[in-house]
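In: When you get a sec, could you give me coordinates for this:
(2 chains)
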Amino acid sequence: MIEVRRLVKRFGLKTVLRGLDFQVQPGEFVALLGPNGAGKTTFLRILACLSRPNLGEVSIAGCRLPGQAAAVRMRLGVVSHLPLLYGDLTAEENLRFFARMYGLRQPEKRIAEVLGLVGLAPRRRDLTRTFSRGMQQRLAIGRAVLHDPDLMLLDEPYTGLDQDACAMLDTLLGQVAARGRTLVMASHDLERAAGMASRLDVLSRGVITASARCDEMDPSQVQAFYRQATEAPRGA
Amino acid sequence: MGRETSSAPASFISAVRAVVWKDLAAELRSRELLSSMLVFALLVVLIFNFALELDPQARLTATPGILWATFVFAGTLGLNRSMAIEKDRGCLDGLLLAPVDRSAIYFGKAISNLAFMVIVETVVLPVYSLLYNVNLFQPGLLLVILLGSVGYAAVGTLLASMAVQTRTRDVLLPILLFPLLIPVLIAAVKASAGFLAGLPLADVAPWLNLLLAYDVIFIAISFMVFDYVVEE
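Out: As a prediction, the model looks like this:
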C-alpha cells in the first residue's frame, strides 16, 4: 500500500528526514512512535501530499508522489490534532462541503450514515464552533471517512480528548481497521498504540530505527522496545 | 469487502462552486469579514471627507485616488481574514487534501474574495456619491472598478495564500501585495479619472487594456503556481 525509499526532507539547513525507508501492506495498522521532533508529522504530511520531499521515492497504492497526488488524495483520509473543519458551518454543512469536494454520488445518504457513525446525528444542525473538542474530533473522523478511503493517516488523533472521547475514537478506528482499511497513526501513547496497531515502527532522528509486529511482542516489552529504539547511538 | 460509497473526483467547476458556496455560507453566518471591511471602508471615506476640505472641482479630481485607496485597504483586511479562517483550524490542509485540481481552490477563494469586494464597493459607492456630491454610477467607471477588483482579487488571493503560511502574515501581505498592485492601481485611477472627466472612450482605452492584460496575466500566473505556493 505504501512504499517509501530513501526519503529526505529538509527545512532550510535542518534535515528532518534522513533517508527514511518505510513499507506498509494493505490492511495493516501501523503505529508510528517517536519522540517530539523526530519527524512523524513531517512524514505523514508527505504521505498526505501536503509537503514535497527533497529526495527519495514515495508511492501509495501504486501511484507515485508528487506526480499522481490527485489520485492518491482520492484514496486518503487524514485526521490530525486540528479538526480541519469550518467553525461557522454546521456539522452537516461541513460534511456536505467535503462531499462535494470528493465528488460523492449520493452525498446526503452518506452524510447521514457518517453522522450516525460518529454519534453526531442529533447535533447535525449545530455550528461546529459550539462543539466540544471530543465532538469536533469525532466530526473530523467523519470527514476523513466520508469518501471511504483505503488509507487513513492519523497524526496524534487523541490529543486533548477526554476518556470518553478516547474510547469512542478507539471504537471508530477499530471499526475502520476491521473493514480491512490501512491505517498509519503517529502517537506518543505506547500502550494505546500497542493495543490497537498490528505493527509498531519507531521513527527517531529522521529514520525508522525499529519495527516490530504487535502479535509477536509481549505488552510488557513495549516500553523497553521503544526506549532501545530511541536511545542515541554511542558517539552520536 | 465492498465500498460504502461511490465517488469520482469532483469536476473543476463543481470544486470551484463548492469553495465559493462554503465561503459565502460561512460569511453569511459570521459576518466577520464583511463587517470589518465595510466599517473600515466607510471610515476611510469619512476621514478623507473631513481631512480634505476640497472645492467641488478638487473633489472630482481626488475621487479616483480616494476610491481606490479605500478599496485596496479594505480589500487587504478581507484577504487576510479570508485566508486566516482557512489556516487557523487547519482548514487549508483539509482543502488541499481534496482530490481536486488545486487551482480550483484558488479560483474558488479568488471568486469569494471578489464577491466580498464587490459587496463593499456596492455600499461604498452610494455613500461616497452622497458625501462628495459626485455621480459615480457611470457604466465606464463601474467597468473599471470591476476590472480593477478582479486584478486585485487575483493577485491578492495568491499572495494571501503565501503570506498565511508565515507568522507575520498580517504585516507581510501588504508588503508583498502593494508593489505588485502598482500597475493595476495606476491603470484603475487613470481610467476612473478619465470616465469621471467625461473623456472619450478612445482616451481611456489604453488604461482599460492595461487592466485587462494585468487581470489575464495574474490569473494565468496564479493558475500555474498556486499548487507550489500552498505546498510545503
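In: Count the neighbours of residue B:101 for me.
Out: The number of residues packed near residue B:101 is 19, by other CB atoms under 10 Å in any protein chain shown. (Glycine included, C-beta is placed from N, CA and C.)
In: Point me to the residue sitting closest to the centre of chain B.
Out: Nearest residue to the geometric centre of chain B (CA atoms, centre = their mean): residue B:153, 3.3 Å.
In: Give me the nearest residue to it, chain neighbours excluded.
Out: In this structure, residue B:153 finds its nearest non-sequential neighbour in residue B:114, 4.0 Å apart by CB to CB, 6 or more residues apart in numbering or on different chains.
In: So what's the residue count around that neighbour?
Out: What residue B:114 shows, counting by other CB under 10 Å, is a neighbour count of 21.
In: Repeat that for residue A:124.
Out: Residues contacting residue A:124 under the criterion other CB under 10 Å number 17.
In: I'd say it and residue A:91 touch.
Out: Yes: counting by CB atoms under 8 Å, a contact exists between residue A:124 and residue A:91, whose distance comes to 5.0 Å.
In: joint contacts of the two?
Out: When contacts are counted by CB atoms under 8 Å, 6 or more residues apart in numbering or on different chains, the set common to residue A:124 and residue A:91 consists of residue A:115.
In: give the contact list for the residue nearest to residue B:153.
Out: B:149-150, B:153.
In: and those residues as CSV, adding pLDDT and secondary structure?
Out: Listed next are the contacts of residue B:114 as CSV, based on pLDDT from 0 to 100; DSSP: H, G, I helix; E, B strand; the rest coil:
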residue, pLDDT, secondary structure
B:149, 96, helix
B:150, 97, helix
B:153, 96, helix
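In: Out of those residues, which comes closest to chain A?
Out: Taking CB to the nearest CB as the measure, residue B:153 is the one of the contacts of residue B:114 closest to chain A, at 20.6 Å.
In: the bottom helix or strand of chain B by mean pLDDT?
Out: For chain B, the helix or strand with the lowest mean confidence is helix B:56-88, at a mean of 89 (criterion: mean pLDDT, DSSP states H and E).
In: by contact count, what packs against that helix?
Out: Based on contacts counted as 3 or more CB pairs under 8 Å, 6 or more residues apart in numbering or on different chains; DSSP states H and E, the elements that helix B:56-88 packs against are helix B:32-51, helix B:91-97, helix B:102-132, helix B:139-163, helix B:169-196.
In: Was I right to think residue A:19 contacts residue A:7?
Out: Yes: between residue A:19 and residue A:7 there is a contact at 6.9 Å, judged by CB under 8 Å.
In: okay if I get the helices and strands packed on helix B:56-88 as a markdown table plus distance to residue A:149?
Out: Output for the helices and strands packed on helix B:56-88, formatted as a markdown table (distance: least, CB to CB, whole Å):
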| stretch | distance to residue A:149 |
| --- | --- |
| helix B:32-51 | 32 |
| helix B:91-97 | 10 |
| helix B:102-132 | 19 |
| helix B:139-163 | 26 |
| helix B:169-196 | 31 |
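In: Tell me which of these lies nearest to residue A:195.
Out: Comparison of the helices and strands packed on helix B:56-88 against residue A:195 by CB to CB identifies helix B:91-97 as nearest, at 27.8 Å.
In: what sits up against that closest one?
Out: A:48-50, A:73, A:76, A:78, A:80, A:82, A:84-86, A:98, A:101, A:143, B:19, B:83, B:85-86, B:102, B:105, B:164, B:230-231.
In: buried stuff in that helix?
Out: Within helix B:91-97, the residues that count as buried by 16 or more other CB atoms under 10 Å in any protein chain shown are B:91-97.
In: how far is it from where the chain is centred?
Out: Here helix B:91-97 is found 22 Å from its chain centre; the criterion is CA atoms, centre = their mean, to the nearest Å.
In: Just want the most central residue of chain A.
Out: Nearest to the mean C-alpha position of chain A, counting by CA atoms, centre = their mean, stands residue A:154 at 1.6 Å.
In: Residue B:141: what's its closest spatial neighbour, skipping adjacent residues?
Out: In this structure, residue B:141 finds its nearest non-sequential neighbour in residue B:195, 4.5 Å apart by CB to CB, 6+ apart.
In: and the closest residue to residue A:213 other than its chain neighbours, bridged to which residues?
Out: Computed as CB to CB, 6+ apart, the closest residue to residue A:213 that is not its neighbour in sequence is residue A:199, at 5.4 Å. Taking DSSP bridges, one finds residue A:30, residue A:213 as the beta-bridge partners of residue A:199.
In: Distance check, residue A:199 against residue A:56.
Out: The spacing between residue A:199 and residue A:56, counted by CB to CB, to the nearest Å, is 21 Å.
In: Can you list the low-confidence ranges for chain B?
Out: Regions of chain B meeting the criterion pLDDT under 70 cover residues B:1-9, B:54.
In: could you pull out the strands for chain A?
Out: In chain A, the segments counted as strands under DSSP state E are A:2-11, A:14-24, A:29-33, A:55-60, A:63-65, A:76-79, A:151-155, A:182-187, A:199-204, A:207-213.
In: Show the contacting residues for the spatially closest residue to residue B:41 that is not a sequence neighbour.
Out: Beyond its immediate neighbours in the sequence, the residue positioned closest to residue B:41 (CB to CB, 6+ apart) is residue B:74, lying 3.9 Å away. In this structure, residue B:74 makes contact with B:37-38, B:40-41, B:44, B:117, B:120, B:124, judged by CB under 8 Å, 6+ apart.
In: Could you dump those into a markdown table and include neighbour count?
Out: Putting the contacts of residue B:74 into a markdown table (neighbours: other CB atoms under 10 Å in any protein chain shown) gives the following:
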| residue | neighbour count |
| --- | --- |
| B:37 | 26 |
| B:38 | 20 |
| B:40 | 18 |
| B:41 | 25 |
| B:44 | 19 |
| B:117 | 26 |
| B:120 | 24 |
| B:124 | 22 |
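In: Mind naming the longest helix for chain A?
Out: Ranked by residue count and defined by DSSP state H, the top helix of chain A is helix A:163-178.
In: what separates it from the chain centre, distance-wise?
Out: Using CA atoms, centre = their mean, the distance between the centre of helix A:163-178 and that of its chain works out at 13 Å.
In: now do stretch B:223-232
Out: With CA atoms, centre = their mean as the basis, the distance from the averaged C-alpha position of stretch B:223-232 to the chain average is 19 Å.
In: Then stretch B:44-61?
Out: Going by CA atoms, centre = their mean, where stretch B:44-61 is centred and where its chain is centred differ by 24 Å.
In: Distance across it, terminal residue to terminal residue?
Out: From its first residue to its last, stretch B:44-61 covers 17 Å (CA to CA, to the nearest Å).
In: So which bits of it are buried?
Out: Neighbour-count burial for stretch B:44-61, counted by 16+ other CB under 10 Å, picks out B:44-45, B:48-49, B:54, B:59-60.
In: What of stretch A:160-171?
Out: Neighbour counts over stretch A:160-171 (16+ other CB under 10 Å) mark A:161, A:165-166, A:168-169 as buried.
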